[in-house]
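**Student:** build the 3D model from these lines:
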Amino acid sequence: MTDRNPAREVITRTAVDADAPRLVEACNWLFAAPGSTPVDWDPRTAGERLVKVFASQRSDVLLAEADQELVGFCSVYLDIESVRFGQRCWVEDLAVHPAHRSLGIGAKLLDQAQRWAREHGGIHLELDSALTRTEAHRFYDRHQPASRSMCFSWQLER
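**Tutor:** Sure thing, here's the model as predicted:
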């Protein structure tokens, strides 16, 4: 059941293996317009990848729950150690259930991602967002990023 009751307490925690199936399902929040489903999306493979993320010391998935219902998630990864910026932490996915947006859940997850990055030696937090995600961009801008950039990506053939 999903409702927009802002009185429900939202807690955040680190995901564990048992959370993988509902996280795979929650990826649909990312695929909904203006997003799209990746061409090679496979839920089984996604679940296997999540278990690897959980097991790594260099990555985690942070959950937001209200009454044990998943209402948001954020994946964080220690990435390159940049010559210019030092240890970078990457937010790969940040999603809030559509029925729970604009209630502060995304802000709570972004704060948790920043805390996770600092605790793991990161000094630079970064994410990219498709140009079509104007609502998400307004959210990120409200959280005063130090800079904005454009990301370019190539799909590699296997």
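
**Student:** paired strands for the lengthiest strand in the chain, with orientation please.
**Tutor:** Using DSSP state E, we find that the single longest strand of the chain is strand 69-82. When pairing is defined by DSSP bridges, strand 69-82 lines up against strand 59-66 (antiparallel), strand 86-96 (antiparallel).

**Student:** can you list contacts of the last one?
**Tutor:** Identification of contacts with strand 86-96 by CB atoms under 8 Å, 6 or more residues apart in numbering yields 26-27, 29-30, 64, 71-82, 105-106, 109-110, 113, 116-117, 120-127. (Each C-beta comes from the backbone N, C-alpha and C, glycine too.)

**Student:** selecting buried members of those residues in PyMOL, what would you type?
**Tutor:** To isolate the buried members of the contacts of strand 86-96 in PyMOL, using 16 or more other CB atoms under 10 Å:
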select buried, resi 26+27+29+30+64+71+72+73+74+75+76+77+78+79+105+106+109+110+113+116+117+120+122+124+125+126+127
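
**Student:** show the average pLDDT along stretch 17-33.
**Tutor:** Stretch 17-33 shows a mean pLDDT of 96.

**Student:** nearest to Ser147, of the strands paired with strand 69-82?
**Tutor:** strand 86-96 (12.8 Å; CB to CB).

**Student:** which secondary structure elements does the helix or strand that comes right after that closest one contact?
**Tutor:** With elements assigned by DSSP states H and E, the helix or strand that comes after strand 86-96 is helix 105-119. Contacts defined by 3 or more CB pairs under 8 Å, 6 or more residues apart in numbering; DSSP states H and E place helix 105-119 against strand 10-14, strand 59-66, strand 69-82, strand 86-96, strand 124-126.

**Student:** now the helix or strand bottoming out on mean pLDDT in the chain and helix 105-119, what's the angle there?
**Tutor:** In the chain, no helix or strand scores lower on mean pLDDT, DSSP states H and E than helix 134-142, which sits at a mean of 90. Going by axes from the mean of the first three to the mean of the last three CA atoms, to 10 degrees, helix 134-142 is angled at 50 degrees with respect to helix 105-119.

**Student:** identify each buried residue in helix 134-142, please.
**Tutor:** Buried residues in helix 134-142, counting neighbours by 16+ other CB under 10 Å, are found at 136, 139-140.

**Student:** in JSON lines, list those along with distance to Thr37.
**Tutor:** As requested, the buried residues of helix 134-142 are exported to JSON lines (distance: CB to CB, whole Å):
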{"residue": "Ala136", "distance to Thr37": "17"}
{"residue": "Phe139", "distance to Thr37": "22"}
{"residue": "Tyr140", "distance to Thr37": "23"}
